[in-house]
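In: Below are the sequence and a predicted model; questions follow.
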Amino acid sequence: MTYTIINHRQALQAFCEQAGQKEFIAVDTEFVRTRTLYPQLGLIQLYDGEALVLVDPLAMDDLSPLKALLTDPKVVKVLHSCSEDLETFWTAMQVIPAPLFDTQFAAGLLNMGPSLGYAKLVEEMLSVSLDKGESRTDWLSRPLSEQQLSYAANDVLYLYRLYPMIAEAIDKLERRQWVFDEMAQLALKKRTDLAPDQAYLTIKNNWQLRGRALATLKYLAKWRLEKARENNVALNFVFKEQYLVELARRQPMQKNAFYGINGMPPQDVRRHGDELLEIIKRCHELPPEHYPDKVERLVDFPAYKQVSQAIRQHCEEVSTQLQIPVEMLGSKKQINQLLKWLWFELDEGRLTGLRPDLICTWREPLLKAGISKIVGVSLS
């Protein structure tokens, strides 16, 4: 295997112009995400069937030729299990590859399993056993070893070989557009952020709080998300979720009382205690009309169990006809997403403008009529 490391714009421009003439290219990223909110891009692997290149984003300020290639509508970008890659591209470059063909999702549509790993797919289809020993590499360190670079290069070398085989099988079932639609919907989710004012809706056990306690959680969760985004620190490394809930529940009016909360790290109290105490005191002054409404739970709706089971059965019947795993068509998470969108006053999907997966893109003609009949409303 021969690969070229690209660390200056001229070489990147030359490769992207060449790759722009191809029908498809294989793409992968290596990134680090241990304590950060966003993934930190360490390497970009590209293979167009002619040249395999490893782009070093740490050595380059201008990646505009690559942005143009990744969004060129004439060139299919092939990735595997691309969710975190999309987030990495969006964070680092404000771009999402399109059109995008994900071989893991496509393999699921071929009834090879709903979440087949890359190494397993390569082994099954190409009879090649890949070494995954470098998966925990610090991709931000330099220099990278030859072993690390070879590992990264393999991720696109065999991906390029897989694509024609998988695409041919997908085309026989007339499902290529399903893959493109699913990835476009995933890309939309990656570009969509929940407003900080709504961050409390994602907090576990938020439903246990009412009135001023819930208002306190709302503003504590907003503070934490804004702090995490500002400093690119993972949420729980800013302040653990369980302690936010406990502060909102107790609403202590003295910082010393923070130390009485079992398990709360003293260093977190020293670092953030004054800010948190100020938020709690402000919430004490909030009039009741500014308190958030009670957080809803699906299990509190009497019809939830019956309706969710009926939708699940509908998904199973359709997936059996299609000969795909039911998880590919309608998972429990996606069923819950739909019911929250239908029943909740405050729903993350409605707040972000995203329609439920089960009633949009390729799933819509397969499921919407049946689901509409189950829930008793028109799903326009």
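Out: That came through fine. Numbering: from 1, shown residues only.

In: and stretch 143-157, which residues are buried?
Out: Neighbour-count burial for stretch 143-157, counted by 16 or more other CB atoms under 10 Å, picks out 144, 148, 149, 150, 151, 152, 153, 154, 155, 156, 157. The C-beta positions use only the backbone N, C-alpha and C, and glycine is treated the same way.

In: I'd like those laid out as CSV, including pLDDT, secondary structure and distance to residue 296.
Out: Output for the buried residues of stretch 143-157, formatted as CSV (pLDDT from 0 to 100; DSSP: H, G, I helix; E, B strand; the rest coil; distance: CB to CB, whole Å):
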residue, pLDDT, secondary structure, distance to residue 296
144, 95, coil, 49
148, 94, helix, 48
149, 95, helix, 50
150, 94, helix, 51
151, 94, helix, 46
152, 95, helix, 45
153, 96, helix, 49
154, 95, helix, 47
155, 94, helix, 42
156, 98, helix, 45
157, 97, helix, 49
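
In: would you turn these into JSON lines with distance to residue 187?
Out: Putting the buried residues of stretch 143-157 into JSON lines (distance: CB to CB, whole Å) gives the following:
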{"residue": "144", "distance to residue 187": "28"}
{"residue": "148", "distance to residue 187": "29"}
{"residue": "149", "distance to residue 187": "28"}
{"residue": "150", "distance to residue 187": "30"}
{"residue": "151", "distance to residue 187": "27"}
{"residue": "152", "distance to residue 187": "23"}
{"residue": "153", "distance to residue 187": "25"}
{"residue": "154", "distance to residue 187": "25"}
{"residue": "155", "distance to residue 187": "20"}
{"residue": "156", "distance to residue 187": "20"}
{"residue": "157", "distance to residue 187": "25"}
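
In: Of those, which pair is most distant in space?
Out: Distances among the buried residues of stretch 143-157 were taken as CB to CB; the most separated pair is 144 and 157, at 16.7 Å.

In: rewinding a little: return the closest of the buried residues of stretch 143-157 with respect to residue 195.
Out: The closest of the buried residues of stretch 143-157, once distances to residue 195 are taken by CB to CB, is residue 155, at 35.6 Å.

In: Hmm, that closest one is touching residue 118, no?
Out: Yes. Using CB atoms under 8 Å, residue 155 is in contact with residue 118, at 6.9 Å.

In: And the strands in the stretch 51-200 of the chain?
Out: In the stretch 51-200 of the chain, the strands defined using DSSP state E, counting those that start in this stretch lie at 52-55, 76-79, 100-102.

In: and of those, who's closest to residue 336?
Out: Across the strands of the stretch 51-200 of the chain, closest to residue 336 is strand 100-102 (CB to CB), at 23.2 Å.

In: In terms of secondary structure, what does that closest one contact?
Out: strand 76-79, helix 176-190 (3 or more CB pairs under 8 Å, 6 or more residues apart in numbering; DSSP states H and E).

In: I would like the residues contacting the last one, please.
Out: Applying CB atoms under 8 Å, 6 or more residues apart in numbering, the contact partners of helix 176-190 are 82-83, 86-87, 90, 96, 98-102, 105-106, 109, 167, 170, 354, 357, 360-362.

In: Contacts only, for residue 202.
Out: Applying CB under 8 Å, 6+ apart, one finds that residue 202 lies in contact with 194, 221, 348.

In: could you pull out the helices for the stretch 101-250 of the chain?
Out: Under the criterion DSSP state H, counting those that start in this stretch, helices of the stretch 101-250 of the chain are mapped to 103-109, 118-126, 146-172, 176-190, 211-231, 235-238, 241-250.

In: List the residues that contact residue 322.
Out: Residue 322 makes contacts with 329, 366, as judged by CB under 8 Å, 6+ apart.
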